[in-house]
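J.: Quick one, fold the following:
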Amino acid sequence: MEPTPLEPVDELWERALVVVAHPDDVEFGAAAAIARWTDQGKTVVYCMVTSGEAGIDGMDPDEARRVREAEQVESARIVGVDTVDFLGLPDGVIEYGVPLRREIAAVIRKHKPDIVITNNFRENWGGSMPNQPDHIAVGRAALDATGDAGNRWIFAEQLVDGLEPWGDTKQVWAAGSPDSRHGVDTTETFDRGVESLKAHRAYIEGLGWEHFDPAEFLEGTSRPAGSRLGVTYGTPFEVFSRVWGE
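T.: Reported below is the predicted structural model:
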């Protein structure tokens, strides 16, 4: 059975906010797409809900936080992203709920994105591999916070010093979702995506992945998506509309 073709995402936007749980979450899936868009002159801002401080077993969390934040800033630079916000929530124990929505709504109001990009927040990756709880919580909260951010009576305490509600986020895109029906051609920027993943050197070494090949790994997901788009490499997205009736 032939895989269902992917519909190209709508690229008629100027500002995107990427909201993910950990440093490296973008690089394991969507960084090549980010490079495509910054090359087009679009503005992309990263928001890391945690600093990934619990992600390296052999490294003290305070040191891991410093190392992983630095690696994320460098990997963002490689794909043309200048701004990386770290919210500093505790790694590994993120819970979906009002406090998390509040944190993300504040970032949306600050950066005023046309679209919000997050990672897959379905329960699995399309098979028996379960998704990580932080990913699920952050993705769900990012989707809901786009609505919160536009309502001046929700988290109204944030609206000081000129900060206003922001209800103009048109869509939320979840990269790598098993329910993806859209995608983007990353053939020209695939190598930059690989380099951005390589920048997470301490994290990859800390996982003990001695023979891990970033290019080979990313090809494993990018080639199937590219095939569904009719190109060499692609990134798949599940698209959620925030516009009534669309």
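J.: What segments of this protein are helices?
T.: Along the chain, the segments classed as helices by DSSP state H run 31-39, 61-78, 98-111, 133-149, 190-198, 201-206, 214-229.
J.: Alpha carbons only: can I get stretch 85-94 in PDB?
T.: Extracted C-alpha coordinates of stretch 85-94, given in PDB (Å, rounded to 0.1, in the frame of the first residue of the first chain):
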ATOM      1  CA  ASP A  85      14.400  31.300  25.700                       C
ATOM      2  CA  PHE A  86      14.900  28.800  28.600                       C
ATOM      3  CA  LEU A  87      11.900  28.600  31.000                       C
ATOM      4  CA  GLY A  88      13.800  26.600  33.600                       C
ATOM      5  CA  LEU A  89      11.100  24.100  34.500                       C
ATOM      6  CA  PRO A  90      12.300  20.800  36.000                       C
ATOM      7  CA  ASP A  91      13.400  18.200  33.400                       C
ATOM      8  CA  GLY A  92      11.600  14.900  33.400                       C
ATOM      9  CA  VAL A  93       8.600  15.800  35.500                       C
ATOM     10  CA  ILE A  94       6.700  18.300  33.400                       C
END
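J.: and stretch 90-105, what's its mean pLDDT?
T.: Per-residue pLDDT values across stretch 90-105 average out to 98.
J.: What is the longest strand of the chain by residue count?
T.: Identified as the longest strand of the chain according to DSSP state E is strand 234-241.
J.: Just the angle for that strand relative to helix 190-198, thanks.
T.: Comparing the axes of strand 234-241 and helix 190-198 via axes from the mean of the first three to the mean of the last three C-alpha atoms, to 10 degrees yields an angle of 80 degrees.
J.: Would you list the strands that strand 234-241 pairs with, along with their directions?
T.: strand 171-175 (antiparallel), strand 182-185 (antiparallel) (DSSP bridges).
J.: can I get the helices of the chain in JSON lines with mean neighbour count and distance to Ser241?
T.: In short, each C-beta sits where N, CA and C put it, glycine included. Below are the helices of the chain laid out as JSON lines (neighbours: other C-beta atoms under 10 Å; distance: least, C-beta to C-beta, whole Å):
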{"stretch": "helix 31-39", "mean neighbour count": "25", "distance to Ser241": "19"}
{"stretch": "helix 61-78", "mean neighbour count": "19", "distance to Ser241": "27"}
{"stretch": "helix 98-111", "mean neighbour count": "19", "distance to Ser241": "16"}
{"stretch": "helix 133-149", "mean neighbour count": "23", "distance to Ser241": "10"}
{"stretch": "helix 190-198", "mean neighbour count": "23", "distance to Ser241": "26"}
{"stretch": "helix 201-206", "mean neighbour count": "17", "distance to Ser241": "34"}
{"stretch": "helix 214-229", "mean neighbour count": "18", "distance to Ser241": "21"}
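J.: among those, which is nearest Glu2?
T.: Nearest of those to Glu2, taken as C-beta to C-beta: helix 214-229 at 9.3 Å.
J.: contacts for that closest one?
T.: 3-6, 8, 28-29, 32, 176, 180, 183-187, 190, 193-194, 197-198, 204, 232-236 (C-beta atoms under 8 Å, 6 or more residues apart in numbering).
J.: what's the answer for stretch 117-131, then?
T.: 16-21, 25-26, 29-30, 135-140, 142-143, 172-179, 237-238.
J.: run the last query once more with 6 Å
T.: With contact meaning C-beta atoms under 6 Å, 6 or more residues apart in numbering, stretch 117-131 is reached by 16, 18-20, 25, 135-136, 139-140, 142, 173-178.
J.: quick one: which of those residues is nearest Arg36?
T.: Distances from Arg36 to the contacts of stretch 117-131, taken by C-beta to C-beta, are shortest for Ala16, at 11.4 Å.
J.: Just grab the bridge partners of the closest one for me.
T.: Residues in beta-bridge contact with Ala16 (DSSP bridges): Val44, Ile115.
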